[in-house]
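>>> Need coordinates for the following:
(chains A and B)
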Amino acid sequence: MGWMAWTLPTAIFFGAIALILVGMTVWEIRSPCAERRGFLPIATTRGDRLFIGLLGSAYWHLLILGVTDWSIWIASLLSMLWLFAVMRWG
Amino acid sequence: MNKVHNNKAWWLVLPVFLLVAFSAIVPMMTVVNYSVQDIFDPSTRIFVGFDWYKQVLQDPRLHDSLLRQFIYSGCVLLIEIPLGIAIALTMPTKGRWASLCLIVMAIPLLIPWNVVGTIWQIFGRADIGLLGWSLNEAGIDYNYASNTMDAWVTVLVMDVWHWTSLVALLCYSGLRAIPDVYYQAARIDRASAWAVFRHIQLPKMKSVLLIAVLLRFMDSFMIYTEPFVLTGGGPGNATTFLSQTLTKMAIGQFDLGPAAAFSLVYFLIILLLSWLFYTAMTHADKNR
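Presented below is the predicted three-dimensional model:
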C-alpha cells in the first residue's frame, strides 16, 4: 500500500467515511426510511441527506480555506453542525 | 399483508463495485493522500495539511481557468442542446433517408479527439485551410492563433461540430419513442406545431435530454485534447481550460501535491453541478 502514500489523517478520514456508510446500511436494513420534506427544497431520503451533508461539508472547507485565514477546525466544526442539521431537519 | 423486502439482489452489484473501486475509488483515495503531502519522490514525502488547497484556491490562474471553463461549458450547452433538438425534429422518421441521416450524424462522433483538433487546426489556417482561406478572402481578418475571439469561436464551433450529433441522436431516439396516439390527439385538438413540441415532444424527450445535458456538461467541463491540439491554450492563456492548467501543474511542473488538491476541487465542482442538473431535472417531474 506504500504507493498510495497513506498518511494517518487521510486514513482516519476514509475510515470514518467507510464507518458512516456501513452504519447507514445497517440503519437502513433495521429501519427502512421513507422520502420526506424538511428545510431542503426537495424531498430526500436518508442517503440523499448524507450525500448533501457531506458535499456541503466539503464546500464549507473550501470556502473557509479559500476566502478566510481561519483555522481549519472552524470549517470542520461548521461542517459537523451542517451535517447534523441536514440529517435531522433536511 | 406485509411486504417482504429481499435485499439479496444487492450482491449482484458487487462485481461492479469491485471494478469501480479498482479503477476509480482507490486512485481517488491516492489523489486525496497526495493532496496533503509535498512529494519529492515516491519515498520522500512531507505532510503539509491543507496548504496546497489554500494555495490553489487563492491562485489567480485557477480562477481565470475556472471562469473560462464556465463560459465555455455554458456556451456549449446553450448552442448544442437547442441545435441538437432542432436537428432531431427535422430528421426524416423512416425510409432510406432516415438511415443515411443517422450514419452521417454518427460520423463526427467516431473521430478521435486529437484528430478533430488536427482537422480544425488545418481547416482554420489562412494559408492552407479552406475555412481560414475563405474567411480571409471574404475580407474577414480571421486568425485563431493570434486573435482571442477567433480562437474562442473556433474552439466552440469545433465542439459543436464534434458533439451536436450526440445530442441530436439522443433526442431523435426520444422522439421516435413517442406513441402515435399523442400526435393523433394533437391533430384532433388542432394543436399548432409549437404546442405539439411544447406539450408532447419536449416532455417526452426529458429523460434523454437529461442524459444529453449531463454528458455534454461533464465532457465540455473536462475538455482537454481538442483545444490543446488546436490552439495549445493560446493565444496567451485565452483558451487554457481547467484540465490544461491541471496538466501543466502535474506533468509540466511535477507539482503533484498542488495538482492533486486542484483535481479534487475540480472533482467537487463537477460533482456538485452534475448533481444539481440531475436533481433539478428529475424533481421537476415530481413537483408537477
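
>>> Can you give me the pLDDT of the most centrally placed residue in chain A?
Nearest to the mean C-alpha position of chain A, by CA atoms, centre = their mean, lies A:L54 at 2.7 Å. A:L54 carries a pLDDT value of 96.

>>> and the gap between it and chain B?
Using CB to the nearest CB, to the nearest Å, A:L54 is found at 10 Å from chain B. Using the backbone N, CA and C atoms, a C-beta is placed for each residue, glycine as well.

>>> State the next helix or strand along the chain beyond the host helix or strand of that residue.
Using DSSP states H and E, the element containing A:L54 is helix A:46-67. Scanning forward in sequence from helix A:46-67 by DSSP H and E, the next helix or strand is helix A:72-89.

>>> Could you see whether chain B lies near that next one?
Yes - Helix A:72-89 lies within reach of chain B by CB under 8 Å from any CB of the partner chain, at A:I72.

>>> quick one on the thing from earlier: for the helix holding A:L54, list every residue counted as buried.
Of the residues in helix A:46-67, A:46, A:48-50, A:52-54, A:56-62, A:64-66 count as buried by neighbour count, 16 or more other CB atoms under 10 Å in any protein chain shown.

>>> Then stretch B:61-76?
For stretch B:61-76, by 16+ other CB under 10 Å, it's B:62, B:65-66, B:68-69, B:72-73, B:75-76.

>>> if we can go back for a sec, between the helix holding A:L54 and helix A:72-89, how many degrees?
Counting by axes from the mean of the first three to the mean of the last three CA atoms, to 10 degrees, helix A:46-67 lies at 160 degrees to helix A:72-89.

>>> Only alpha carbons, please: show helix A:46-67 as CSV.
Coordinates of each C-alpha in helix A:46-67 appear next as CSV, following Å, rounded to 0.1, in the frame of the first residue of the first chain:
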residue,chain,number,x,y,z
ARG,A,46,-31.7,9.5,4.5
GLY,A,47,-28.9,8.6,1.9
ASP,A,48,-29.7,11.8,-0.1
ARG,A,49,-29.3,13.8,3.1
LEU,A,50,-26.0,12.2,3.9
PHE,A,51,-24.7,13.0,0.4
ILE,A,52,-25.9,16.6,0.6
GLY,A,53,-24.4,16.9,4.1
LEU,A,54,-21.0,15.5,3.1
LEU,A,55,-20.9,17.5,-0.2
GLY,A,56,-21.8,20.7,1.8
SER,A,57,-19.1,19.9,4.3
ALA,A,58,-16.5,19.7,1.6
TYR,A,59,-17.6,23.1,0.3
TRP,A,60,-17.6,24.6,3.8
HIS,A,61,-13.9,23.6,4.0
LEU,A,62,-13.1,25.0,0.5
LEU,A,63,-14.9,28.3,1.4
ILE,A,64,-13.0,28.8,4.6
LEU,A,65,-9.7,27.8,3.1
GLY,A,66,-10.2,29.9,0.0
VAL,A,67,-11.5,33.2,1.5
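
>>> low-scoring stretches of chain B, by residue?
Applying pLDDT under 70 to chain B picks out residues B:1-5, B:284-288.

>>> and it, which residues reach chain A?
B:5, B:7, B:26, B:29-30, B:32-34, B:36-37, B:39, B:42, B:45, B:47, B:49-50, B:53-54, B:57-58, B:265, B:268, B:271-272, B:275, B:279, B:283, B:286.

>>> show me what contacts the closest residue to chain A within the stretch 1-150 of chain B?
Closest to chain A within the stretch 1-150 of chain B is B:L57: 3.6 Å, counting by CB to the nearest CB. With contact taken as CB atoms under 8 Å, 6 or more residues apart in numbering or on different chains, B:L57 is in contact with A:62, A:65-66, B:265.

>>> Quick one: neighbours of B:T239, just the number.
Neighbour count for B:T239, taken as other CB atoms under 10 Å in any protein chain shown: 25.

>>> SS state for residue 32?
In the absence of a named chain, chain A is used. coil (DSSP: H, G, I helix; E, B strand; the rest coil).

>>> Test for you: state the pLDDT assigned to it.
88.

>>> Tell me how far it lies from chain B.
Where chain B is concerned, A:P32 sits at a distance of 7 Å (CB to the nearest CB).

>>> What parts of chain A come near chain B?
A:2-7, A:9-10, A:13-14, A:29, A:32, A:42-43, A:51, A:55, A:58-59, A:61-62, A:65-66, A:72.

>>> at 6 Å what do you get?
For chain A, the residues in contact with chain B (CB under 6 Å from any CB of the partner chain) are A:4-7, A:10, A:42, A:58, A:65-66, A:72.

>>> Now tabulate the residues you listed in JSON lines and tack on pLDDT.
Compiled in JSON lines, the residues of chain A next to chain B are given as follows (pLDDT from 0 to 100):
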{"residue": "A:M4", "pLDDT": "86"}
{"residue": "A:A5", "pLDDT": "87"}
{"residue": "A:W6", "pLDDT": "91"}
{"residue": "A:T7", "pLDDT": "91"}
{"residue": "A:T10", "pLDDT": "94"}
{"residue": "A:I42", "pLDDT": "89"}
{"residue": "A:A58", "pLDDT": "96"}
{"residue": "A:L65", "pLDDT": "93"}
{"residue": "A:G66", "pLDDT": "91"}
{"residue": "A:I72", "pLDDT": "91"}
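
>>> Just the endpoints, please. Distance across stretch B:92-100?
One end of stretch B:92-100 sits 10 Å from the other (CA to CA, to the nearest Å).

>>> To clarify, my last question referred to stretch A:66-74.
With CA to CA as the measure, what separates the two termini of stretch A:66-74 is 13 Å.

>>> Now the two most distant members of the residues of chain A next to chain B.
A:A5 and A:I42 (38.0 Å; CB to CB).

>>> And the two? Which one has more around it.
Using other CB under 10 Å as the criterion, A:A5 and A:I42 rank with A:A5 on top: 21 against 16.
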